[in-house]
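Colleague: The following comprises the amino acid sequence and a computationally predicted model.
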Amino acid sequence: MATRPPIGLPKLSRRSRVLLIIAAAFVLLLLVGSRLLSTYVDWLWFGEVGFRSVFTAVLWTRIALFFTVGVLVGGLLALSLWIAYRSRPVFVPVSSADDPLARYRSTVVQRVRLFGIGIPVAFGLIAGSAAQADWQQTQLMLNGTDFGVTDPQFNIDIGFYAFTLPFITWVISWLFVAVAIAFFGALITHYLFGGIRLAGKGGQLAASARMQLSITAGVFVLVYAVDYFFERYELLFSSRNTLFSGATFTDLNAVLPAKLILMFIAAFCAVAFFAGAFLRNLQLPAIATALLVLSGILVGAAWPAIIQQFSVRPNENAKEALSIQRNIDATRAAFGLTPDKVSTEDYAGTTDVSGAKIRAEQSSINTISNVRLLDPNILAPTFTQREGRENFYGFPEKLDVDRYTIDGKTQDYIVAAREIKTSGLTETQGSWINRHMVYTHGNGFVAAPANTVNSTLQDSNDQGGYPVFKVSDLTTEGPIKVTQPRIYYGELATDTYAIVGGKDGDRPLEYDTARSTVPYAGSGGVAIDGLFNKLVFAAHHTERNIVFSSQIGEGAKIMYNRNPRDRVSKVAPWLTVDGDPYPAVVNGRILWIVDGYTTLENYPYAQRTALGEATTDSLGGVVRQENRTISYIRNSVKATVDAYDGTVSLYSIDDKDPVLKAWQGVFPNTVKSGSEISKELREHFRYPEDLFKVQRELLSKYHVSDAAEFFSQKTFWNVPTDPTEDNAGAAGAKQPPYYVLAQVAGQERATFQITSALTLLNRQFLASWVSVSSDPADYGKIRVLRLPTTGTSQVEGPGQVQNRFQTTPEVTENRTLFNNPSVQVRFGNLLTLPVAGGLLYVEPIYIQRTDANAFPQLARVLVSFGNKVGFAPAIDEALDEVFGAGTGDTATKPGENGAVPPTSTTPPTTSTPPPTSGGTSSEMDQAVQALNAAIAHLRDAQRTGDFVEQGKALAELDAATKRYDEAKAKAGQTSSPPSSPGASPSPTPPPNGGG
């Protein structure tokens, strides 16, 4: 029967081909050009910071993986297509004159090289692009080390699971992909050229197609057999039981033998496929496929389900005891919670202590005298308004806590770097030159004693209740000595670049002070004084001004990637970086200190933990961790970033960490030895927040050491929700940990530490108090004070204490403090501190006017011990209310660590009757009138609850008092101002401070 000749696609004209090539080149330039540009910009940046070896190591690893996997996938596909094409039938019978495949066959035949090479290359490019992102596990496999610890099931070193097994499973997954793509490529080619025909009963299959497809399927099944072998080891990361991670009874006694059985069945099936290819018999492959599927269902799924349902569940506590114990031991080892690192002791949690005992106990004095009243998560607007100076300076949303020793006295401070904030520029200031070449750097380091606020008696122009700032900048030499206060690298520089070294004629362009400009003299930045680099960065930032600006001349440099956390992440991409870098003054330089973690996903039997969930709490202004699963973490690296020149330094603080050793093999000479850490720098190391959050989350369960008790969960603890937040409650955010300077059991003096309260599971009573020291002498020592959990000796937790605070008569009577529509009330951090065998709760209350330019001011202090609550403008008064008169002195006397005593800021009471002039002089009369007017103003403001007017009245009263004293001195009087007859006592003093 005659057939219609195949119809091919119309041939393109020469002009069309040229246009097609140009379009393809343009698309390729768009796709590849931007990547090459970014790569060159990164190459320059890594050279600037001295970590170009990291860049090249990563780049060459990515390139190697790209070509290796690309060749594997593309090469197997090309081979498969070539075999299928070469073995195609010579004559292709068709069932009708209108063959639907004829057109496609003709097209392929006319452009066989295009399809035979282009399709494999495309698949290879896609596969290589996906594979190159997995460079980390490849390098870990090549540089992995032993842990010196073996798993309890197979007795293999943990290093195999951490470094080798992830790479093996990665290779197997790509083999699956490559073989599967090759199979479908052959299948489609054979179908297209008639090797597979669907006509007739059951269709027809050419011998060449049968052989190729059978062999390819056999290889696929053989890879499956290898995969079954290695899946046995992956059982040690099983999540079958929701209570714990690791191989369960069912995994060990049903799934594990099933994997071996399925491995042999898969190997037998692969042989059947190979045999079917040569015996010209499709029955063997068909039987093998059915056997593989059936055995997978019966042996791999049904049998474990039966064991779980009828053997494990009725006796789960006994059946899972071994696995639970393994999980407890592995989790403690993987997360640094072993008994040698965690000390637990019972704590009485007494609720009734006399003031005399507190005054006689030095540890209580050391703790109370350092109670932190300034909340770093609230006071950023206060720092900005009062110490931000010019509008182009600013502070991060969340401030930081650190400790300093001044005049031999150590105490904790709220600290912040005054950074450049170009978003604060006005519309007229916000030109490109101003944003990138004039306002390039911040100015100074600002600190405030954490337990102190100012007093109206000290500053006649202030209402009180604000931090006492210690500033070191270009114009002020504070007690914390800063030799280089200019800040080019900081947390506010997230996505901006700065060009330094620009000149306006012969004058430096960079703003320094109101009277001066300055040329940058540091080593930071990449040279941009050449035309090529100007073009590169103009294209990278899509900013033509970089090319055409005449002010970018010889010596000019561009600074980018200026955020400290981002800089550390780029030079050490293998680290998980803590979300809260903090500034510290070390030997006169402002350094950003950044904590780095080494993590693993695969640690046998260790609890698999979602990092993002474990580290998320009510704290704002910090970078949230990616919510990936980890089962091992170490704070092995401390990094610093110089705020002036951007120098990044990595220091090892855990030389025994096998993961760190592996990465040091990948990137030699990038991490400095811990012996190079100076004493001054080490004194500012803090135990990192994110690590502590992960550990306290796990410690709430893994303080239990007995498998039976762990299974019952009856003694589990819980991280409480933050009761000071509006959304706190059953679904509220967790309470964040707090840095404090305190002395706890086992310590000889007050030390800087991070703390957290833990409550009973689904109950509000306090279960334990956890702290970790940041002191160099016992850094990382975890202390757990375990409280009574039954009977009448239970201690109220944070939520219960907050409820008591808000329902105490003294608080409810001050409705003007909470219900004034013009004032917003904010509850500060609720601190839990061990004092005299019990727990002392302290919470500052801040007020803030409800307008855009307002900022928080400390108004009251809440104190609780047992069932007693103190509520007063100052902490010493609140302590007196709880423990009796005289106990508040412990808050104003320095402890043994020599902390600066907090300043009581109780405003001047108006209970003294207003003075009269006595008729000594007209100047005295005017002073007395001013005093009376100020007192009257204060009384009116107190009655209305207007805090703004109260502040103004207090300032007027202070000024009038000074004026009266001056007039009295001139008149020769030495006695107190005479009383005005009939004057009545004033109402409660306004809430304007507390120290």
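Modeller: Happy to help now that I have it. On a predicted model such as this, the values are computed, not experimentally measured, just so you know.

Colleague: make it CA atoms for all contacts and neighbour counts henceforth
Modeller: OK.

Colleague: three-state assignment of Tyr520?
Modeller: coil (DSSP: H, G, I helix; E, B strand; the rest coil).

Colleague: Now do the phi/psi pair for it.
Modeller: Backbone geometry at Tyr520, expressed as degrees, to the nearest 10, gives phi -70, psi 130.

Colleague: Need the pLDDT of it.
Modeller: Predicted confidence (pLDDT) at Tyr520: the value is 94.

Colleague: I am assuming it contacts Gly501, so please confirm or correct that.
Modeller: Yes: because the distance of 5.8 Å satisfies Cα atoms under 8 Å, Tyr520 is recorded as touching Gly501.

Colleague: which secondary element of the protein has the worst mean pLDDT?
Modeller: For the chain, using mean pLDDT, DSSP states H and E, the weakest element among its helices and strands is helix 815-819, scoring a mean of 64.

Colleague: show me the contacts for Ala24.
Modeller: By Cα atoms under 8 Å, 6 or more residues apart in numbering, the contact set of Ala24 is empty.

Colleague: State the distance from it to Val18.
Modeller: Using Cα to Cα, to the nearest Å, one gets 10 Å for the distance from Ala24 to Val18.

Colleague: Then Asn803?
Modeller: Counting by Cα to Cα, the separation of Asn803 from Val18 is 78 Å.

Colleague: now do Asp495
Modeller: Distance check for Asp495 against Val18: by Cα to Cα, it reads 41 Å.

Colleague: Give me the more crowded residue out of these two.
Modeller: Under the neighbour definition other Cα atoms under 10 Å, Asp495 and Val18 were set side by side, and Val18 has more, 12 against 9.

Colleague: mind listing what Ala707 touches?
Modeller: Taking Cα under 8 Å, 6+ apart as the test, what Ala707 contacts is 321-322, 324-325, 328.

Colleague: just Leu691 next, same as before
Modeller: Listed by Cα under 8 Å, 6+ apart, the contact partners of Leu691 are 633-635.

Colleague: Check which helix or strand it maps to.
Modeller: When secondary structure is defined using DSSP states H and E, the element that contains Leu691 is helix 689-702.

Colleague: Now find how far off-centre the helix or strand following that helix is within its chain.
Modeller: Tracing the chain C-terminally past helix 689-702 and defining elements by DSSP H and E, one meets helix 707-712 next. Relative to its chain's centre, helix 707-712 lies at 32 Å (Cα atoms, centre = their mean, to the nearest Å).

Colleague: how about helix 707-712: buried residues?
Modeller: By neighbour count with 16 or more other Cα atoms under 10 Å, helix 707-712 contains the buried residues 707-708, 710-711.

Colleague: likewise stretch 401-421?
Modeller: Per 16+ other Cα under 10 Å, stretch 401-421 contains these buried residues: 401-404, 410-421.

Colleague: how long is that stretch from one end to the other?
Modeller: Across its full length, stretch 401-421 reaches 22 Å between end residues, using Cα to Cα.

Colleague: next one: stretch 627-634
Modeller: Terminal residues of stretch 627-634 lie 17 Å apart, using Cα to Cα.

Colleague: ditto for stretch 360-380
Modeller: Taking Cα to Cα, the first and last residues of stretch 360-380 lie 37 Å apart.

Colleague: So what's the model's average confidence on stretch 66-78?
Modeller: Model confidence over stretch 66-78, given as mean pLDDT, is 96.

Colleague: which residues are contacting that stretch?
Modeller: The contact list for stretch 66-78 (Cα under 8 Å, 6+ apart) reads 116-117, 119-132, 174, 177-179, 181-182, 185.

Colleague: can you check stretch 511-519 too?
Modeller: The list of residues contacting stretch 511-519 from outside it, by Cα under 8 Å, 6+ apart, reads 438-441, 474, 500-502, 507-510.

Colleague: In that stretch, which residues are buried?
Modeller: By neighbour count, and taking 16+ other Cα under 10 Å as the criterion, the buried residues in stretch 511-519 are 511-512, 518-519.

Colleague: Show me the two of the buried residues of stretch 401-421 that sit farthest apart.
Modeller: Based on Cα to Cα, the longest span within the buried residues of stretch 401-421 runs between Thr410 and Lys421 and measures 31.6 Å.

Colleague: Can you give me the first-to-last residue distance of stretch 383-402?
Modeller: Using Cα to Cα, the distance between the terminal residues of stretch 383-402 is 16 Å.

Colleague: Also stretch 274-285?
Modeller: End-to-end span of stretch 274-285 (Cα to Cα): 8 Å.

Colleague: can you check stretch 350-370 too?
Modeller: Where stretch 350-370 starts and where it finishes are 21 Å apart, if you go by Cα to Cα.

Colleague: And the residue minimising distance to the centre of the chain, how far from Tyr488?
Modeller: With distances taken as Cα atoms, centre = their mean, the residue of the chain nearest its centroid is Gly579 (2.9 Å). Gly579 sits 20 Å away from Tyr488, going by Cα to Cα.

Colleague: how close does the closest residue to Val255 other than its chain neighbours sit to Ala254?
Modeller: The shortest distance from Val255 to any non-neighbouring residue, by Cα to Cα, 6 or more residues apart in numbering, is to Pro304 (6.0 Å). Noted for Pro304: a distance of 5 Å to Ala254, by Cα to Cα.

Colleague: can you list residues touching both of the two?
Modeller: When contacts are counted by Cα under 8 Å, 6+ apart, Pro304 and Ala254 have no shared neighbour.

Colleague: So which residues of the stretch 751-900 of the chain form helices?
Modeller: 798-807, 809-813, 815-819, 875-883 (DSSP state H, counting those that start in this stretch).

Colleague: what's the neighbour count on Phe184?
Modeller: Counted with other Cα under 10 Å, the burial measure for Phe184 works out to 16 neighbours.

Colleague: Would it be right to say that it lies in a helix?
Modeller: Yes: inclusion of Phe184 in a helix is indicated when three-state DSSP is applied.

Colleague: if I look at it, how far off is Ile406?
Modeller: To Ile406, Phe184 is 74 Å away according to Cα to Cα.
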